[in-house]
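Q: here's my sequence, what's the structure:
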Amino acid sequence: MSPSKNNSHTHDQNCKKSEGAVVATSASTPKTPSTATTTTPEPNVFRDSILRYMGYANEIGESFRYQFPKLVKPSYFIAFGYCAADAANAGMRASSMAATPKKPISDESKELQSIIGETERKLKSKNSSNVNIASSVPFVVFDTLLWQTFASVLIPGATINLIVRASKFAIAGSRIASPSIRKWFPTFMGLGSIPVIIHPIDNFVDLALENTTRKWCP
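A: Below is the predicted model of the structure:
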């Protein structure tokens, strides 16, 4: 074998050893996972705490209409007060978010999701800066107040009122039911229907606003 071929063969072997060492080193070195920072949305005290039940005060009042009629109107005041407080809270949170100039838009969309739900999708697609989001703050307040008024007060209150009245009419002519049953049956029907009607009404109001006022989102 000539010296030149021998040197070439030795060089190839050294290259293969070096490549093998590199592969082994890369395989033995653990990959460091990416540390992407995520921001946890701030809890909405009006939706994520016991205060949420204040929105159902008028439904409870309607259920006890025939036992405690004087409590019906105060229950509506409580429910409307809850709606106004949630709308004001949404406006303050949106204003605070718009006042933070270096906040990533991904974090903004997470907070808006907890503030106004479906409206966040339109704000995220139409707004690319804090200035534009600040101009949408009045709409955030309007959307929250409108949604709460229909989803928490007006539609559920009218529905429970209808159920209680229909139950009273249905049980009134019964010869089997005792007086106590005829008295409390409408109340139990009203209270029992609250968990059943909540989600369908919420979805209906979302659909209605998506096809009306939310199309006008600035």
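
Q: tell me where the longest helix sits in the protein.
A: helix 179-210 (DSSP state H).

Q: list the buried residues of that helix.
A: Within helix 179-210, the residues that count as buried by 16 or more other C-beta atoms under 10 Å are 185-187, 189-191, 193-194, 197-198, 201-202, 205-206, 208-209. Placement of C-beta: from N, CA and C, glycine included.

Q: what of stretch 166-183?
A: So, applying 16+ other C-beta under 10 Å, buried residues of stretch 166-183: 167, 168, 171.

Q: again, but for stretch 85-95
A: In stretch 85-95, counting by 16+ other C-beta under 10 Å, buried: 86, 87, 89, 90, 91, 93, 94.

Q: narrow those to those in helices?
A: Going by DSSP H, the helices hold 86, 87, 89, 90, 91, 93, 94 from those.

Q: coming back round to it: closest one of the buried residues of stretch 166-183 to residue 73?
A: residue 168 (19.4 Å; C-beta to C-beta).

Q: so that closest one makes contact with residue 184?
A: No - under the criterion of C-beta atoms under 8 Å, residue 168 makes no contact with residue 184, lying 10.5 Å away.

Q: give me the number of residues near residue 138?
A: By other C-beta atoms under 10 Å, the residues close to residue 138 number 12.

Q: any idea which element residue 147 lies in?
A: Remark: residue 147 resides in helix 137-148, with elements defined by DSSP states H and E.

Q: shouldn't residue 58 be in contact with residue 149?
A: No - using C-beta under 8 Å, residue 58 is not in contact with residue 149; the gap is 11.1 Å.

Q: neighbour count winner among the two?
A: Neighbours per residue (other C-beta under 10 Å) separate residue 58 from residue 149, with residue 58 holding more: 27 against 17.

Q: nice, that's everything, thank you.
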